[in-house]
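*Asks:* Any chance you can model this:
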Amino acid sequence: MSPAVATLRDPATIRTRAGNVTAAILAGKSDWWLVDESRIEAAANKVVEVTLARYPTLAIPYHSRWRHFEAGGVDRAAELTAAMTRLDAAAQARARIDLAIVSVLLDAGAGAQWQYCDGGRDYGRSEGLGVASFRAFMAGAFSSDPAQPLQVDGKALLRLDAARLGNLFQVRDSNPLVGLDGRAELLRRFGQTLIERPQAFGVDARPGGLFDLLTDHGAKREIEVSALLRALLDHSSDIWLAGNALDGVALGDAWPHPLAGGDGASTGWMPFHKLSQWLVYSLFEPFEWAGITIAGRDALTGLPEYRNGGLLIDAGVIVPRDPAFATRQWTAGDPLIVEWRALTVNLIDVIADRVRALLKRSADELPLACILEGGTWAAGRAYAAELRGGLPPLNIVSDGTVF
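*Replies:* Numbering: from 1, shown residues only. Got it, this is the predicted structure:
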């Protein structure tokens, strides 16, 4: 792998390049955005308010796909645990990693209309996608072995088309899911990758093979979060459909922008790796439940998406130069979107520091993964509910692979 590609897969680069873009915008070099730093305190106060309402004792779990499996107050993770009582800790970890990865790969924006009914209750957006993918996993929909339903393997994913996925997710004309074809294609591409990379995913071609890769089959009891992100990107970057490539290697969620800066061949690229970082956050618990320590958790960034980025727009921290920006459709590579996401990465760090100060907690006591959960993501959703009935403040055309 070229040094330029490796640079763009380092979470430190995400922060550095986001800082470059933010500094340029603060210097007035953006055609799209202004930043009102006087509104940061209000945004931090909103995050504190929402956090204390949701977690009054400040016992805040990670921002993770596992929270969506708890939608409606149902402990679905306990259902999975009960179904795995005959498996040892490593096998349980592989199953949980399988579930988390396939579920996150399906966790792009669902759109405002789609709902999934579970136990007589309807769930939309991220919660609905989480519950739907959990039920599909428990039913063995991602396994090619009827005797081993609680797994994901390449052979099963290769057979998964949009019609089958639509049935699993209760999609119909009156219940459309945004990006259904893109999601199915992404899973098929992932299935091919699982099969083609036994060195990472094992002879069974399972995502859970990452447990053995990163822990040396359980011998290592601590792994660095940056190593986990790098393993995901190194071994699955070719599944992303964004069309971005450097030195012949697919980059996924990284976009050219003149304000990004940098050195060498990676100059001018702004990486985000939103879904991959969301996936790493969602793998903290499967590894920790297996007794593996995740070191350097805050190397990851805030997730640059609708809720965190929406918080900053709705709180008045990020201000559009053109008030009509919300009436247009944008794509992930548009300069306005790249800048908004870079601002989100940078300013969520600023708000996180302020939230810790207000709550009198250290970074060790309140890592970024918990601030996101408490937190910035929930505050963004609260603003969206108050102002637009839950809709985000801007409209991005999605194929189901970035947002």
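
*Asks:* In a helix, residue 243, correct?
*Replies:* No: applying DSSP: H, G, I helix; E, B strand; the rest coil, one finds residue 243 to be coil, outside a helix.

*Asks:* Any figure for the gap between it and residue 78?
*Replies:* 41 Å (Cβ to Cβ, to the nearest Å). Using the backbone N, CA and C atoms, a C-beta is placed for each residue, glycine as well.

*Asks:* now residue 70
*Replies:* Distance of residue 70 to residue 78, given as Cβ to Cβ: 10 Å.

*Asks:* Which residues are in contact with the closest residue to residue 232 other than its chain neighbours?
*Replies:* Of all residues not flanking residue 232 in the chain, residue 276 sits nearest, at 5.3 Å (Cβ to Cβ, 6 or more residues apart in numbering). Going by Cβ atoms under 8 Å, 6 or more residues apart in numbering, residue 276 touches 229, 232-233, 252-253.

*Asks:* Out of these, which is nearest to residue 37?
*Replies:* Distance to residue 37 across the contacts of residue 276 (Cβ to Cβ) is lowest for residue 253, with 27.2 Å.

*Asks:* where along the stretch 301-403 of the chain do the helices fall?
*Replies:* Residue ranges of the helices in the stretch 301-403 of the chain, as given by DSSP state H, counting those that start in this stretch, are 306-314, 335-359, 368-371, 377-388.

*Asks:* could you dump these to CSV with distance to residue 187 and mean neighbour count?
*Replies:* Formatted as CSV, these follow (distance: least, Cβ to Cβ, whole Å; neighbours: other Cβ atoms under 10 Å):
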stretch, distance to residue 187, mean neighbour count
helix 306-314, 22, 26
helix 335-359, 24, 22
helix 368-371, 26, 24
helix 377-388, 25, 20
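
*Asks:* So for residue 95, which of the ones you listed sits nearest?
*Replies:* Going by Cβ to Cβ, the one of the helices of the stretch 301-403 of the chain nearest residue 95 is helix 368-371, 22.1 Å.

*Asks:* With just CA atoms, put that closest one into PDB.
*Replies:* Coordinates of each C-alpha in helix 368-371 appear next as PDB, following Å, rounded to 0.1, in the frame of the first residue of the first chain:
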ATOM      1  CA  LEU A 368     -15.700  11.000  22.800                       C
ATOM      2  CA  ALA A 369     -17.700   7.800  22.100                       C
ATOM      3  CA  CYS A 370     -19.800   8.600  25.200                       C
ATOM      4  CA  ILE A 371     -20.200  12.300  24.400                       C
END
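
*Asks:* can you pull the pLDDT of residue 157?
*Replies:* At residue 157, the pLDDT value in this model is 98.

*Asks:* show me the contacts for it.
*Replies:* Counted by Cβ under 8 Å, 6+ apart, residue 157 has contacts 102, 142, 187-188, 190-191, 194.
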